[in-house]
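Asker: Here is my input; please provide its structure:
(one chain, ligands or ions: 1)
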Amino acid sequence: MFEASRPPDEPCSPEWIRRLPKAEVHLHLEGCVPLDTIAADGARRSGVDFEPQTGTPLFRDLAAFLAILDHSCALVTDGGRLEKIAYEIAVRAAANGVGHVDVIFNPVHWPAWRPDLQGFVGHLDRGFAAGEADMGVTASLCLSLTRTQPPGESVELVDWLLAARPDRVVALSVDGNESVAGHTGRRFAPLFERARGAGFRTCAHAGESSGPEGVRDAVDLLRVERVDHGIRAAEDPALVEELAARAVPLDICPTSNIRLGVVTSLTTHPIERLRAAGVPVSVNTDDPLLFGVSVTDEYLRCTEAFSWEPVVLGEVARTSIESSFAEPERKRWLLAALDHFLEDACAPAQRGKDSSDGGL
Ligand SMILES: [Zn+2]
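Answerer: Below you'll find the model as predicted:
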C-alpha cells in the first residue's frame, strides 16, 4: 500500500530510499509484460540472444529490444491479462514508494488490439482502478506514436485519441528508433500541436538513439513538457544550459541506457552532470520486467555511484512528482507527503538550532 509515512531513521538507507515518496514517469506498458517461454522463443528466432545462466535477454541494441517487445505483447490477447498487467504495475509501484505512474503504451506493439483500442484502454483502466483502490497508487496513460511508422498511421492514432478521449489517457508521446527514422520533428509537430490544442499533455523520447539534435527537436518542434531520456543533451553544453534555464525535465532510466548500450557504465552516465548543471531529472525504470530493475534499485544505484545526499534524492523525487501527469490535487498530496518525509533528513541542523534557540 502506498501511504505517507514517517521515514526510517537512517537517510539514504535502502529502506529510506524505498519509502521516499516519488512518481515514476517513464514506464512502458510493453516492458511490464512478463516474458514467457513462447515469447522468448519468438525473440530468439528474431536474433535476440539470452544469457545462458539466467535466461534473461541480452539486448545488443535498441532494434533487438524493440523486437522482443513485439513478441511478448503480441501474445496478450485476453482482456483479463491486460487488467492483471496494469494491476501489477500498481503493486510494484506501491512496493517502491511510487504514488503515481505515467504509463506509456504504443499500439504498434499490440496487433491483437489495433481494431479495438477503446477496449484495450478500457481493460487497462479497470486494472489501474483496482490498483488505486487496493494500493492507493494513481495512474495515467500516454499514447505513444512510433518514429518509424507510416505517417498515415500516426495521424489515424491521433484522430482516434482526439475523438475517443478514452478515460485515463492524458498524454501524447512518441518513441521508437530515431537513428533509423532520422529527423522526424517536423513530421510529428502538427500532431503534437493538435493534441496540445485538445488538452492533452505531451512528452517524447529523444536523446537516446538520437543525439542532442533530437532533444532540441523535441523541445522546439514538438514543444513537449518533458523529454524521455534526453541524456545525450549532455553532448551540447549550450543545450544543457537551455534545458536548465527553461526547467525542462528529463525522465532518465540509467539501467536501460546501460543495457541498451547508450552509455557504458553508471559512473560515466550523464545524469549527474545534467543534474549538477541545473536540469531537472527524475529516475525511472523504462521497462522493469525486461531489465529486471525496480525504481528503488535505480535510486540506490545512483545514490551509490554519485554519493547522493538526502537533499539530492529529495530533489529527484520532487522532479518526478512535479513533472508527472498526475491530477493537480494528487500532485499536491504527493509533494506534501515528500516534504513530510524529508523534514528530518534534510533539516536536522536547522531543527537542532530552532530547539536550542527555543531553550534560551
Ligand atoms: Zn522509454
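
Asker: Number of residues surrounding the closest residue to R44 other than its chain neighbours?
Answerer: Distances taken as Cβ to Cβ, 6 or more residues apart in numbering put F50 closest to R44, at 6.8 Å, once the chain neighbours are dropped. C-beta coordinates here come from the backbone N, C-alpha and C atoms, glycine included. Residue neighbour count, defined by other Cβ atoms under 10 Å, stands at 14 for F50.

Asker: same question, D220
Answerer: By the criterion of other Cβ under 10 Å, D220 has 12 neighbours.

Asker: Check R45 too.
Answerer: When neighbours are counted by other Cβ under 10 Å, R45 registers 10.

Asker: ok, now the one 3 residues further on?
Answerer: Each residue near V48 was counted by other Cβ under 10 Å, and the total is 19.

Asker: And for G152?
Answerer: With neighbours defined by other Cβ under 10 Å, the count for G152 comes to 8.

Asker: following the helix or strand harbouring it, which helix or strand shows up next?
Answerer: Using DSSP states H and E, G152 falls within helix 151-164. Using DSSP H and E, the helix or strand that follows helix 151-164 in sequence is strand 169-175.

Asker: Let me see the backbone angles for S140.
Answerer: phi -120, psi 150 (degrees, to the nearest 10).

Asker: Any idea how many residues pack against the closest residue to F65 other than its chain neighbours?
Answerer: Excluding the flanking residues, the one nearest F65 by Cβ to Cβ, 6+ apart is F59, at 4.3 Å. Using other Cβ under 10 Å, F59 has 21 other residues around it.

Asker: Start the count at 37 instead of 1 going forward.
Answerer: Yes, from this point I'll number from 37; that puts the last item at F95.

Asker: which residues does F95 contact?
Answerer: By Cβ atoms under 8 Å, 6 or more residues apart in numbering, the residues touching F95 are V84, F101, I104, R295, L296, G297, L326.

Asker: Helices - which of the residues you listed land there?
Answerer: Among those, the residues falling in helices (DSSP state H) are F101, I104, R295, L326.

Asker: Provide a list of residues in contact with the spatially closest residue to the last one that is not a sequence neighbour.
Answerer: Closest residue to L326 apart from its sequence neighbours, by Cβ to Cβ, 6+ apart: G67 at 5.0 Å. Residues in contact with G67, defined by Cβ under 8 Å, 6+ apart, are L105, T321, D322, D323, P324, L325, L326, F327.

Asker: how does the protein divide up, domain by domain?
Answerer: Annotated domains of the chain cover 50-69+115-381, 71-111 [automatic domain parsing].

Asker: what's the least confident stretch among those domains?
Answerer: For the domains of the chain, the weakest mean pLDDT is recorded on domain 71-111, namely a mean of 77.

Asker: ok, back up a step: which residues belonging to the helix holding G188 are considered buried?
Answerer: S190, L193, V194, L197, L198 (16 or more other Cβ atoms under 10 Å).

Asker: Of the contacts of G67, which is the nearest to L181?
Answerer: Among the contacts of G67, L105 lies closest to L181 (Cβ to Cβ), at 15.1 Å.

Asker: Would you list the phi and psi of C289?
Answerer: On the backbone of C289 - angles per degrees, to the nearest 10 - the values are phi -130, psi 90.

Asker: Count the residues that sit near it.
Answerer: When counting by other Cβ under 10 Å, one arrives at 30 neighbours for C289.

Asker: A175 too?
Answerer: Neighbour count of A175, defined by other Cβ under 10 Å: 24.

Asker: E308 belongs to a helix, doesn't it?
Answerer: Yes: under DSSP: H, G, I helix; E, B strand; the rest coil, E308 falls within a helix.

Asker: Let me see the contact set for it.
Answerer: So E308 contacts C338, A341, F342 (Cβ under 8 Å, 6+ apart).

Asker: Hmm, V317 and the first one touching each other?
Answerer: So that's C338. No: using Cβ atoms under 8 Å, C338 is not in contact with V317; the gap is 9.5 Å.

Asker: which among the contacts of F95 end up buried?
Answerer: Here, 16+ other Cβ under 10 Å leaves V84, F101, I104, R295, L296, L326 buried among these.

Asker: In contact with the fourth one, which residues?
Answerer: Contact criterion Cβ under 8 Å, 6+ apart gives F95, F327 as the residues in contact with R295.

Asker: gap between it and H159?
Answerer: Distance from R295 to H159, counting by Cβ to Cβ, to the nearest Å: 29 Å.

Asker: ok, now the second one?
Answerer: Distance check for F101 against H159: by Cβ to Cβ, it reads 25 Å.

Asker: what's the closest of the buried ones among the contacts of F95 to L349?
Answerer: Closest to L349, out of all of those and judged by Cβ to Cβ, is R295, at 23.1 Å.

Asker: State the distance from the closest one to V194.
Answerer: 31 Å.
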